[in-house]
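In: Here is a sequence with its predicted model. Questions after.
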Amino acid sequence: MGKMVGIDLGTTNSCVAYMENGEPVIIPNAEGGRTTPSVVAFLKNGERVVGAAAKRQAVTNSQRTVFSIKRDMGTDNRVKIDGKSYTPQEISAMILQKLKADAEAYLGESVTDAVITVPAYFSDSQRQATKDAGRIAGINVLRIINEPTAAALAYGMDKGAAQKIMVYDLGGGTFDVSVLDVQNDMIEVLATAGNNRLGGDDFDNCISSWLVDEFLRQEGIDLTREPAAMNRIREAAEKAKIELSSAMSTVISLPFLASGPDGAKHMETTLTRAKFDQLTAHLVEATMGPAKQALSDAGLTPAQLSRVLLVGGSTRIPAVQKAVKQFTGKDPSRDINPDECVAMGACLQGGVLAGQVTGLLLLDVTPLSLGIETMGDVFSRIIDRNTSIPVQRSQIFTTAANFQTSVDVHVLQGEREIASCNKTLGRFRLSGIRRALRGVPQIEVTFSIDANGIVNVSARDLGTGKHQEITLTHSSNMSDAEIDKAVREAQRYAAEDKQRKQSAELRNDAEQLMNDSRAIQKNLSRQDRERLEGMRRNLKKAMDGKNDDEIHRCMAEMTRALESMGRHVQNHGADESDGAMDADFTDSDYRG
């Protein structure tokens, strides 16, 4: 049986945790980092890299590097690279594959199951897209849970006195605020609100725009037309934002940023925290609206809160912390890493599902109202926002015209009273309705939301018993056939990636073997040295030709020759260190 992990699939960084001795533990990636940049790059040679390696090469390969794909989940936006189109689910699956592979390498066993977190304000289509990404990556998604709720679990809010807490989650690309009621071993989400298009990326963009404007004013050059320069600007902006969390000012230095009539142009400027706060004040203020909304929906005042938890890397910004304190009147809790707590909470929820953690009940809510369109473009709610899930609700509707034998059920999600102003989740038709005057047929529409927040809708004519239902996958999401195709491509790429890695390791071994042969040749006869030189040429030719079988053959031939030459040197009085070379080369080492 494979291992279960908790995954925080973030906009800018992702994180993985597993259960060890009843406690969640963060899994470091292959590079040794505790979080992995959510970046995917396609190199010119066809290779694909994910994480830190992808982020490092972004300046020189900006057109083939994908950032912040989480913001496009649940949409029909596609990434086009080298003539191929990728859905957000496929790009996200590449990130998940990297996380899965690193976890398997660290744990020494396969990872099959995961609890994956999403922003509390993610819609049904975004949740479904996240689940599809896990399926493409070869992961059985046990549960989709909200990030603020996961963070509360990690903070240990399931233990201790009864309390009301607010979780303020400002990540790289999304913002959520949730109000939770903690009673012994039960965590109930009372209300949630947020903005799926607000996060640390927007703070970076404010700095980037300021730098571009400053450069245009000083040098008369518009950097927005230079992709490579803009990538350097964005990288510098993110670094400046991070530094200003602890320093009062930071120097931004970008040599050779552009070329002008009189030569190279450099950027050297100082950004103070006061200026940064001025540039981003509107973003901080934008988080206060959802915070007030969530508290109001929960029926609480700031004074009734016991604690406020900060989640997400962007909560390190001093202005954010100050705004939260001013609104709630409480010093926010920061006794756990905001970048890691969501993955740890997801892992704890996985432990509950696997029976490793007992006595804990988690009651989450649906973030947005659900209903259908009725006559006159009216949105008729069936499930209100902040209803605890899982849940099932039904309402009776009727026909709008005489002798109508079918109805179209238009399923929507949102808070506007006008149906066309809300988000379409799907449509289906209920046919076979008994012919009758308008208003006579009774049609029962039932909405059910599972523990993942995935919606199922059914309609039944109470007169004839005719029934139709749909598990909603928004039109912008992938069909089962598309997902199956993506799974096959992901598996094929994983095999290609493994082969590419083995080839790289083989070439490293071949280089080392050639270096070792040069190191001992001073003790050999001229004839043996010439023989070795010929073998090295053959091996180099095989490496240039990218023929792994030929590389193996040449390495095995050289290894046997070195063994023979080493024994000859020993038998003719070579010193101990030369003779020891005989033990360094065994035929089995290079046969593969």
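Out: Sure thing, it's come through.

In: going forward, measure contacts between C-alpha atoms and count neighbours the same way
Out: Will do.

In: Any stretches of the chain with poor pLDDT?
Out: For the chain, applying pLDDT under 70 flags the ranges 1, 157-161, 359, 470-487, 490-491, 493-494, 497-498, 501, 569-592.

In: Within the sheet, what are the partner strands of the strand of greatest length in the chain, with directions?
Out: The longest strand of the chain (DSSP state E) is strand 249-260. Here strand 249-260 is paired, per DSSP bridges, with strand 263-272 (antiparallel).

In: contacting residues around the closest residue to residue 383 other than its chain neighbours?
Out: Closest residue in space to residue 383, ignoring its immediate chain neighbours: residue 370 at 5.1 Å, by CA to CA, 6 or more residues apart in numbering. Shown in contact with residue 370 (CA atoms under 8 Å, 6 or more residues apart in numbering): 381-385, 411-414.

In: for residue 370, which residues make a bridge with it?
Out: As for beta bridges, residue 370 partners with residue 383, residue 413 under DSSP bridges.

In: Residue 184: how many residues sit nearby?
Out: By other CA atoms under 10 Å, the residues close to residue 184 number 16.

In: typed the wrong thing, it's residue 186
Out: Neighbourhood size, residue 186 [other CA under 10 Å]: 17.

In: Let me know how buried the closest residue to it other than its chain neighbours is, in neighbour terms.
Out: In this structure, residue 186 finds its nearest non-sequential neighbour in residue 361, 4.7 Å apart by CA to CA, 6+ apart. Residue 361 has 15 neighbours, counted by other CA under 10 Å.

In: so how far is residue 351 from residue 361?
Out: As judged by CA to CA, to the nearest Å, residue 361 and residue 351 stand 12 Å apart.

In: surely residue 148 meets residue 170?
Out: No: using CA atoms under 8 Å, residue 148 and residue 170 do not qualify as a contacting pair, with a distance of 9.9 Å.

In: Could you check which of those two has the larger neighbour count?
Out: Higher neighbour count among residue 148 and residue 170: residue 148, with 33 against 28, using other CA under 10 Å.

In: Then that one would be within a helix, right?
Out: Yes: the assignment for residue 148 by DSSP: H, G, I helix; E, B strand; the rest coil puts it in a helix.

In: residues in contact with it?
Out: By CA under 8 Å, 6+ apart, the contact set of residue 148 is 119-120, 167-169, 176-178, 311, 342.

In: Compare those residues and tell me which is most surrounded.
Out: For those, the largest number of neighbours (other CA under 10 Å) sits with residue 342, at 37 neighbours.

In: element containing that residue?
Out: Using DSSP states H and E, residue 342 sits in helix 341-354.

In: give me the number of residues near residue 220?
Out: By the other CA under 10 Å criterion, the neighbourhood of residue 220 contains 11 residues.

In: Then residue 109?
Out: 12.

In: just checking, it is part of a helix?
Out: No: per three-state DSSP, residue 109 lies outside any helix segment and is coil.

In: For it, grab phi and psi.
Out: Phi and psi for residue 109, reported as degrees, to the nearest 10, are phi -150, psi 170.

In: That one touches residue 3, doesn't it?
Out: Yes: assessed by CA under 8 Å, residue 109 is found in contact with residue 3 at 7.0 Å.

In: Can you report phi and psi for residue 13?
Out: Here is the backbone geometry of residue 13 (degrees, to the nearest 10): phi -140, psi 150.

In: quick one, what contacts it?
Out: Taking CA under 8 Å, 6+ apart, we find residue 13 in contact with 35-38, 172.

In: Quick check: residue 57 vs residue 92, distance?
Out: Note on residue 57: its distance to residue 92, by CA to CA, is 19 Å.

In: of the two, who's got more company?
Out: Higher neighbour count among residue 57 and residue 92: residue 92, with 27 against 15, using other CA under 10 Å.

In: Surely that one touches residue 135?
Out: No: Residue 92 is beyond contact range of residue 135, at 10.8 Å (criterion: CA under 8 Å).

In: coming back round to it: what lies in contact with the longest strand of the chain?
Out: The contact list for strand 249-260, computed with CA under 8 Å, 6+ apart, reads 221, 223, 229, 232, 236, 240, 243-244, 264-273.

In: try stretch 500-514
Out: With CA under 8 Å, 6+ apart as the test, stretch 500-514 has contacts from 536, 539, 543, 548, 551, 555, 590.

In: With stretch 40-55 instead?
Out: With contact meaning CA under 8 Å, 6+ apart, stretch 40-55 is reached by 31, 36-39, 58, 61, 64-67, 81, 91, 94-95, 98.

In: could you pull out the strands for the stretch 401-550 of the chain?
Out: With DSSP state E, counting those that start in this stretch, the ranges of strands along the stretch 401-550 of the chain come out as 406-413, 423-431, 443-449, 455-461, 467-471.

In: Those strands: which one's closest to residue 130?
Out: Among the strands of the stretch 401-550 of the chain, strand 455-461 comes nearest to residue 130, with 14.1 Å by CA to CA.

In: which other helices and strands contact the closest one?
Out: Secondary-structure packing of strand 455-461 (3 or more CA pairs under 8 Å, 6 or more residues apart in numbering; DSSP states H and E): strand 443-449, strand 467-471.

In: roughly how far apart are the nearest residue to residue 236 once chain neighbours are set aside and residue 229?
Out: Among residues not flanking residue 236 along the chain, residue 252 sits closest, at 6.8 Å (CA to CA, 6+ apart). In this view, residue 252 and residue 229 are 14 Å apart by CA to CA.

In: Could you do residue 259 as well?
Out: From residue 259 across to residue 229, the span is 11 Å (CA to CA).

In: just residue 271 next, same as before
Out: From residue 271 across to residue 229, the span is 19 Å (CA to CA).

In: do residue 40 as well
Out: Note on residue 40: its distance to residue 229, by CA to CA, is 20 Å.

In: Look at these two and report which has more neighbours.
Out: Between residue 40 and residue 229, counting by other CA under 10 Å, residue 40 is the more crowded of the two (26 against 20).

In: Looking at strand pairing, list the partners for that one.
Out: Beta-bridge pairing for residue 40 (DSSP bridges): residue 50, residue 66.

In: Kindly report the same for residue 308.
Out: Beta bridges link residue 308 to residue 166 when assigned by DSSP bridges.

In: dump the residue contacts of it.
Out: Residues counted as contacts of residue 308 (CA under 8 Å, 6+ apart) are 165-168, 328, 330-333.

In: Mind doing that once more with 6 Å?
Out: Going by CA atoms under 6 Å, 6 or more residues apart in numbering, residue 308 touches 165-167, 332.
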